[in-house]
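>>> Sequence first, predicted model second:
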Amino acid sequence: MSEKNSTPEDIEKNKVVAAIAYAIFFVPLLVDKDSEFGKFHANQGLLLLIVSLVGNAVLTISIVGILLVPVLNIILLVLFIMGVVNAINGQAKELPVIGKYSLLK
């Protein structure tokens, strides 16, 4: 899944839906399941969700971890904003660190 597989029409048509994927990852899969651009951002949104859930769960186990939860959440917020901006700008850029993984085919 990359921008190379997406047509300019696909990108233009699905920019907003791709941006929504960072809040609700499966929306692009429901709206236009054949959109490579939508699938790319749905995958990035799913990765962000998983890192958020696992990271917060793991960090809340200890007192030291609880102190790190705000740091993790700020990092996740920055990644969220980066993803939304990329989607709105019609770019299929991977999120730093986590974006290289592909869970959706």
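Done, it's in.

>>> Might you list the low-confidence residue ranges for the protein?
1-4 (pLDDT under 70).

>>> For it, just list every one of the helices.
8-20, 27-31, 36-59, 63-88 (DSSP state H).

>>> for the chain, which residue is closest to the average position?
Of all residues in the chain, the one closest to the mean position by Cα atoms, centre = their mean is residue 45, 2.4 Å from it.

>>> Residue 36 versus that residue, what's the distance?
Per Cβ to Cβ, to the nearest Å, residue 45 is found 15 Å from residue 36. C-beta here means a position set from N, CA and C on the backbone, and glycine is covered the same way.

>>> List the buried residues in stretch 98-105.
Residues 99, 104 are the ones in stretch 98-105 that count as buried (16 or more other Cβ atoms under 10 Å).

>>> okay, it in CSV with CA atoms only?
C-alpha atoms of stretch 98-105 as CSV (Å, rounded to 0.1, in the frame of the first residue of the first chain):
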residue,chain,number,x,y,z
ILE,A,98,5.2,2.5,13.7
GLY,A,99,4.2,3.3,10.1
LYS,A,100,6.3,0.6,8.4
TYR,A,101,4.1,-2.2,9.5
SER,A,102,1.1,-3.4,7.5
LEU,A,103,-1.8,-5.1,9.2
LEU,A,104,-4.4,-4.5,6.5
LYS,A,105,-4.2,-6.1,3.1
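
>>> Surely the residue nearest to the centre of the chain touches residue 82?
No: look at residue 45 against residue 82 with Cβ atoms under 8 Å: they stay out of range, at 11.9 Å.

>>> circling back to that earlier point, give me phi/psi at the closest residue to the residue nearest to the centre of the chain other than its chain neighbours?
Distances taken as Cβ to Cβ, 6 or more residues apart in numbering place residue 25 nearest to residue 45, at 3.5 Å, with adjacent residues excluded. Main-chain dihedrals, residue 25, degrees, to the nearest 10: phi -60, psi -30.

>>> Same check on the one 10 residues further on?
With angles defined as degrees, to the nearest 10, residue 35 sits at phi -80, psi 120.

>>> so what's it up against?
6, 10, 13, 14, 17, 28 (Cβ atoms under 8 Å, 6 or more residues apart in numbering).

>>> Now compare those and name the two farthest from each other.
6 and 17 (12.7 Å; Cβ to Cβ).
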